[in-house]
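**Q** I would like the atomic coordinates for the input below:
(one chain, ligands or ions: 3)
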Amino acid sequence: MSLLRTALEHTKTAVVLGHMNPDGDCVGSCLAVYNYVRDCFPQVEITVCLDRPAEKFSYLNGFDQIRTEVPEGLQADLCICLDSGDRDRLGDFLPLLERAGKSLCVDHHITNTRYGDENVLEPDASSTCEVLWGLMEEEQISKATAECLYTGIVHDTGVFQYSNTSVKTMEIAGKLLGKGIDFSTIIADSFYRKTYVQNQILGRALLESILFCDGQCIFSVLRKKDMDFYGVTNKDMDGIVEQLRSTDGVECAIFLYEKEFQEYKVSLRSKKKVDVSRVAAYFGGGGHVRAAGCTMNGRIHDVVNNLSTQIAKQLEE
Ligand code: AMP
Ligand code: MN
Ligand code: MN
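**A** Numbering: from 1, shown residues only. Ligands and ions are numbered 1, 2, ... in the order given. I've put the predicted structure just below:
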């Protein structure tokens, strides 16, 4: 029996948490567990708590049930933490983990700190949704749960493009198609569709990007004043760093946006050589070998210099 089943068996109340600024794998995995538990353990009262996810994920069943603030007095028997490499990434919802009777952490970040009572960690899995597939009974996965799992896999693999895609990933995706999901619409609407302003800031980030390290690295930044001008937020940044990485000759891409004055969200991506999880971890963040992130403070010039020093070390190795 899987750890998920065992954990749910003697549970009356469960809370599901993911990381701050949730991406497709985070929203997908949280709602996959929500739907699975509703279907298979109807006696369990389950609540999903997340920062407000992007509207493009609103087709997922349970999206409108997501609590975006800590529910008063909620003390769950079981806390399930998904796609979150460390406790701090749970953001405002961390107290719900601390208050819970027991916890289960399911994740695929190589930098995961094993902060759950039980941990199911698969750094080679494409996504947390892929790990979850292994914890669910295939015949008990409904179409609604399949839509969530498929969404997570699609987003973390860049529609089966990134190097984290494996034979197993494709086999699972195939089985999810067998559940009758509208995969074309999921991919088109949640991954490729952009609003007008999202395309505008993508264009702006590309236009202002700078190549360095003999063209092996590329960097771009969006300042707060420009984000305000276009009326965009952190939810509108998906895909920018991947587009930068696709530049011919580039090994490593850095994209920053300003969260607060001189506080930057850093996204790092590489193609074949640089282990960006090491770079991000050095600056207090984490992630995967080819995709990682952190938050850094100071002047842009200094932030980029500090990052490029760490990246250059690896390029010289
Ligand atoms: P992002 O650049 O935000 O898309 O993140 C790339 C990967 O790194 C994702 O798997 C994130 O979960 C992870 N990540 C991003 N920021 C952080 C952080 N501050 N701490 C730990 N992991 C992070
Ligand atoms: Mn994620
Ligand atoms: Mn993930």
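
**Q** When you work out contacts or count neighbours from here on, use the C-alpha atoms and nothing else.
**A** Fine.

**Q** chain center to the helix or strand hosting residue 267: distance?
**A** Element membership of residue 267 [criterion: DSSP states H and E] is strand 263-270. With CA atoms, centre = their mean, to the nearest Å as the basis, the distance from the averaged C-alpha position of strand 263-270 to the chain average is 14 Å.

**Q** what's the answer for stretch 28-40, then?
**A** Using CA atoms, centre = their mean, the offset of stretch 28-40 from its chain centre is 17 Å.

**Q** Local confidence estimate at the residue of the chain found nearest ligand 3?
**A** The nearest approach of the chain to ligand 3 comes at residue 127, 4.5 Å away (CA to the ion). For residue 127, the model assigns a pLDDT of 98.

**Q** picking that back up, if we go by neighbour counts, what in the strand holding residue 267 is buried?
**A** Going by neighbour count (16 or more other CA atoms under 10 Å), the buried part of strand 263-270 is 263-270.

**Q** State the mean pLDDT of that strand.
**A** pLDDT averaged over strand 263-270 gives 98.

**Q** ok, it near ligand 1 or not?
**A** Yes: using CA under 6 Å from any ligand atom, we find that strand 263-270 touches ligand 1 at 267-268.

**Q** Packing partners of that strand?
**A** helix 240-245, strand 252-260, helix 276-282, strand 291-297 (3 or more CA pairs under 8 Å, 6 or more residues apart in numbering; DSSP states H and E).

**Q** what residues does stretch 180-189 touch?
**A** By CA atoms under 8 Å, 6 or more residues apart in numbering, the residues outside stretch 180-189 that reach it are 56, 143, 146-147, 150-151, 154, 159, 177.

**Q** how about the closest residue to residue 29 other than its chain neighbours, secondary structure?
**A** Nearest residue to residue 29, sequence neighbours excluded (CA to CA, 6 or more residues apart in numbering): residue 129, at 5.1 Å. Classification of residue 129 by DSSP: H, G, I helix; E, B strand; the rest coil places it in helix.

**Q** okay if I get the helices and strands packed on strand 263-270 as a markdown table plus mean pLDDT?
**A** As requested, the helices and strands packed on strand 263-270 are exported to a markdown table (pLDDT from 0 to 100):
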| stretch | mean pLDDT |
| --- | --- |
| helix 240-245 | 98 |
| strand 252-260 | 97 |
| helix 276-282 | 98 |
| strand 291-297 | 98 |
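
**Q** how far away is the residue in the chain sticking out farthest from the centre from residue 255?
**A** Seen from the C-alpha centroid of the chain, the residue lying at the greatest distance (CA atoms, centre = their mean) is residue 214, 30.8 Å away. Distance, residue 214 to residue 255, by CA to CA, to the nearest Å: 18 Å.

**Q** hmm, back to that, might you report the residue contacts of the residue farthest from the centre of the chain?
**A** Residue 214 touches nothing, counting by CA under 8 Å, 6+ apart.

**Q** Per-residue pLDDT of it, please?
**A** 96.

**Q** Could you please name the strands the strand or helix carrying residue 106 pairs with and the direction of each pair?
**A** Element membership for residue 106, per DSSP H and E: strand 102-107. Partner strands for strand 102-107, per DSSP bridges, with pairing direction: strand 78-82 (parallel), strand 118-121 (parallel).

**Q** With mean pLDDT and mean neighbour count added, can I get those strands in CSV?
**A** Formatted as CSV, the strands paired with strand 102-107 follow (pLDDT from 0 to 100; neighbours: other CA atoms under 10 Å):
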stretch, mean pLDDT, mean neighbour count
strand 78-82, 98, 27
strand 118-121, 98, 18
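
**Q** would you turn the ones you listed into TSV with distance to residue 19?
**A** Below are the strands paired with strand 102-107 laid out as TSV (distance: least, CA to CA, whole Å):
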stretch	distance to residue 19
strand 78-82	7
strand 118-121	15
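
**Q** Can you say which of those is nearest to ligand 1?
**A** Ranking the strands paired with strand 102-107 by proximity to ligand 1 (CA to the nearest ligand atom) places strand 78-82 first, at 10.3 Å.

**Q** Now do the closest one: distance to the chain's middle.
**A** Worked out by CA atoms, centre = their mean, strand 78-82 lies 16 Å from the chain centre.
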